[in-house]
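> Any chance you could fold what I've pasted below:
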Amino acid sequence: MNDRTLYDWFASSVDRYPEEPALEVKGQTLTYRQLDERSCAVAAALVEAHGKPPARVALLASRSLTAFAGYLAAQRLGATVTPLNPGYPARRNRAVCELARADVLVMDDAGASQLEAAQGQSGLTVVRLDHETTAGLPYAQGVLPPRTATPDDIAYVLFTSGSTGRPKGVPVKHRNLAPYIAHNIERFEVGPGCRVSHTFDLTFDPSVFDLFVTWGGGATLVVPQRIELLKPVEYVVERSLTHWFSVPSVVSVTAGLGNLPAGEATQLRYGIFIGEQLTDRQARLWRAAAPKARIENVYGPTELTVACTEFRLPEDPDDWPDSSNGTVPIGPVYGFLDHVVLDESGRPAEEGELCIRGSQRFDGYLDPADDAGRFLSYDPAGDHPAEVYRGEGPLTPAHYYRTGDRVRRENGTLTHLGRLDNQVKVRGYRIELGEIESALRRHPALADAVVVAVPGRDETELVGCYTGEPVKPTDVMLWLRKQVPVHMVPRRFEQLAAMPLNPNGKIDRPALRQRFS
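This is a model prediction of the structure:
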């Protein structure tokens with residue numbers, strides 16, 4: 001199974017379960033055979049529009065048949081997919097599209113407002129397909145080129161927030177994905193009759209679980225529209241979901257709205273959470289809502305292919321572990337991956353940075369300049385500290401990826417303690433604070449800007465600190481919303497006469513965090 005491409009996982013289920021439901025979206029149900037027909041039809045449309053099979057496809061679509069058939073179409077053609085979020089600013093989407101060197105851009109109605117910006121990009125073929133058009137495209141059996149993708153080809157490139165203000169591209173190959181998909185199909189017992197949620201945007205890599213763990217197992221992907229996510233228990237019950245997968249903040253937000261009633265989601269078998277720390281409080285709220293569901297906390301950066309650790313809470317809440325920070329452990333690293341926890345000196349420790357290598361580790365960023373400092377060499381059998389990769393010489397499978405996450409071994413497993421750098425997670429999104437600061441400094445009224453993450457009641461909050469002319473917070477929010485995605489816009493802004501400095505003359509970020517916490 002480890003030599004399968006993403007499309008192979010889907011195609012195998014088409015062969016085995018052609019009349020089983022594969023997708024429910026916008027009131028429409030498609031079997032595996034029908035979804036395969038739609039994806040082939042879109043693939044043919046892309047070849048016709050571009051004049052040949054594209055090598056790189058950008059996908060500006062969301063929660064529509066076009067989004068899912070378009071993703072599969074690109075995989076059918078052996079192309080690399082780069083999802084774009086229609087809710088992100090056109091400026092950012094265009095920058096990502098250019099960095100990915102996309103040949104073809106597929107967009108649905110959700111992305112239509114950015115059509116003009118897309119058409120101005122040189123050498124880009126734009127294909128607009130609304131939901132109804134995708135549903136009605138002629139079936140293209142026999143007219144498509146042979147499937148040519150190999151395990152060493154790049155399946156997708158996702159872009160994470162970059163500290164320089166430029167998004168960093170993370171290419172993930174089919175061979176990185178195969179062990180992840182196989183492992184999760186088995187662990188979560190995904191098969192025909194299972195009904196799996198789709199809560200993640202395609203730009204967020206847990207969506208790969210949504211799509212390909214579901215389709216690889218022959219289950220049904222059930223797609224809510226955004227407003228339905230505000231009442232997750234109602235959605236789980238009405239759609240008879242067996243598997244729920246989301247960020248933990250969904251629990252806190254919906255509980256705060258009074259939309260998390262207890263004892264109703266009795267048919268749910270798994271509640272899986274990723275993207276940020278899962279607190280004991282959140283886990284207990286979810287257990288009350290879905291009393292028969294197994295609760296699983298998983299963790300992993302994009303560079304290690306969606307997730308690389310897992311911890312399943314015991315069935316009896318009285319047996320749940322107590323961690324030092326009130327969060328559910330992230331658990332052991334997958335058994336087929338290598339990991340080490342290193343202290344600041346680069347030596348093994350009970351607490352420090354989690355570093356991982358193995359089959360799910362990507363081979364390096366789209367821009368090799370981003371590799372420096374993110375990998376290291378370490379010989380567990382040797383007597384020397386780890387050596388950080390500085391960009392000199394080739395990256396090899398022996399290099400560990402530095403997650404930047406601080407963990408501690410507690411009670412025989414791993415607890416996530418937070419970030420070691422200037423990167424945070426808000427509602428599951430990984431954010432480089434430097435990218436927000438870079439955008440804020442372009443505001444004509446601001447002299448300097450620093451963004452800090454502070455603990456809120458249920459989730460991390462961003463505070464924008466600035467010097468310069470006084471501005472209305474709402475005006476800055478609206479301005480910044482045109483520069484960065486909405487989850488990167490701070491909810492609070494504080495004007496300062498001057499930035500506090502530490503003894504080294506650097507901005508004292510800990511002092512700002514303490515001041516505004």
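
> for the stretch 401-517 of the chain, what spans make up the helices?
Assigned by DSSP state H, counting those that start in this stretch, the stretch 401-517 of the chain shows helices spanning 433-440, 473-481, 509-516.

> Same question for the stretch 1-150 of the chain.
6-16, 32-50, 65-76, 90-99, 115-119, 131-136.

> can you tell me which of the helices of the stretch 401-517 of the chain comes nearest to Arg457?
helix 509-516 (14.6 Å; C-beta to C-beta). No exception for glycine: its C-beta is placed from N, CA and C like everyone else's.

> which of the residues in the closest one are buried?
509, 512 (16 or more other C-beta atoms under 10 Å).

> List the contacts of it.
422, 450, 452-454, 463, 465, 492, 494, 499-500, 502 (C-beta atoms under 8 Å, 6 or more residues apart in numbering).

> Low-confidence ranges, the stretch 151-300 of the chain, go.
Residue ranges of the stretch 151-300 of the chain with pLDDT under 70: 162-165.

> just the helices in it please.
So, for the stretch 151-300 of the chain - with DSSP H, counting those that start in this stretch - the helices run 174-187, 207-208, 214-217, 232-238, 249-256, 280-289.

> returning to that earlier point: can I get the helices of the stretch 401-517 of the chain in JSON lines with mean pLDDT and distance to Ala155?
Compiled in JSON lines, the helices of the stretch 401-517 of the chain are given as follows (pLDDT from 0 to 100; distance: least, C-beta to C-beta, whole Å):
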{"stretch": "helix 433-440", "mean pLDDT": "84", "distance to Ala155": "25"}
{"stretch": "helix 473-481", "mean pLDDT": "94", "distance to Ala155": "31"}
{"stretch": "helix 509-516", "mean pLDDT": "90", "distance to Ala155": "37"}
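
> of those, which approaches Tyr88 most closely?
helix 473-481 (10.0 Å).

> before we move on, back to that, which one of the helices of the stretch 151-300 of the chain has the most crowded surroundings?
helix 214-217 (a mean of 27; mean count of other C-beta atoms under 10 Å).

> elements contacting it?
Packing contacts for helix 214-217, counted by 3 or more C-beta pairs under 8 Å, 6 or more residues apart in numbering; DSSP states H and E, involve helix 6-16, helix 174-187, strand 220-223.

> So for Phe336, which of those sits nearest?
Of these, nearest to Phe336 by C-beta to C-beta is helix 174-187, at 6.3 Å.

> Report the angle between that closest one and helix 6-16.
40 degrees (axes from the mean of the first three to the mean of the last three C-alpha atoms, to 10 degrees).

> gap between helix 174-187 and the chain center?
Centroid displacement of helix 174-187 relative to its chain, using C-alpha atoms, centre = their mean, to the nearest Å, is 16 Å.

> Also stretch 74-87?
Distance, centroid of stretch 74-87 to centroid of chain: 14 Å (C-alpha atoms, centre = their mean).

> Could you give the average pLDDT over it?
Here stretch 74-87 scores 96 as its mean pLDDT.

> Dump the contacts of helix 509-516 into JSON lines; add neighbour count, distance to Val306 and pLDDT as well.
Supplementary listing: these in JSON lines, determined by neighbours: other C-beta atoms under 10 Å; distance: C-beta to C-beta, whole Å; pLDDT from 0 to 100:
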{"residue": "Asn422", "neighbour count": "17", "distance to Val306": "23", "pLDDT": "68"}
{"residue": "Val450", "neighbour count": "23", "distance to Val306": "32", "pLDDT": "87"}
{"residue": "Val452", "neighbour count": "25", "distance to Val306": "29", "pLDDT": "92"}
{"residue": "Ala453", "neighbour count": "22", "distance to Val306": "23", "pLDDT": "91"}
{"residue": "Val454", "neighbour count": "16", "distance to Val306": "28", "pLDDT": "91"}
{"residue": "Val463", "neighbour count": "19", "distance to Val306": "30", "pLDDT": "95"}
{"residue": "Cys465", "neighbour count": "25", "distance to Val306": "34", "pLDDT": "94"}
{"residue": "Arg492", "neighbour count": "14", "distance to Val306": "32", "pLDDT": "93"}
{"residue": "Glu494", "neighbour count": "15", "distance to Val306": "36", "pLDDT": "94"}
{"residue": "Met499", "neighbour count": "18", "distance to Val306": "38", "pLDDT": "84"}
{"residue": "Pro500", "neighbour count": "14", "distance to Val306": "39", "pLDDT": "87"}
{"residue": "Asn502", "neighbour count": "11", "distance to Val306": "37", "pLDDT": "67"}
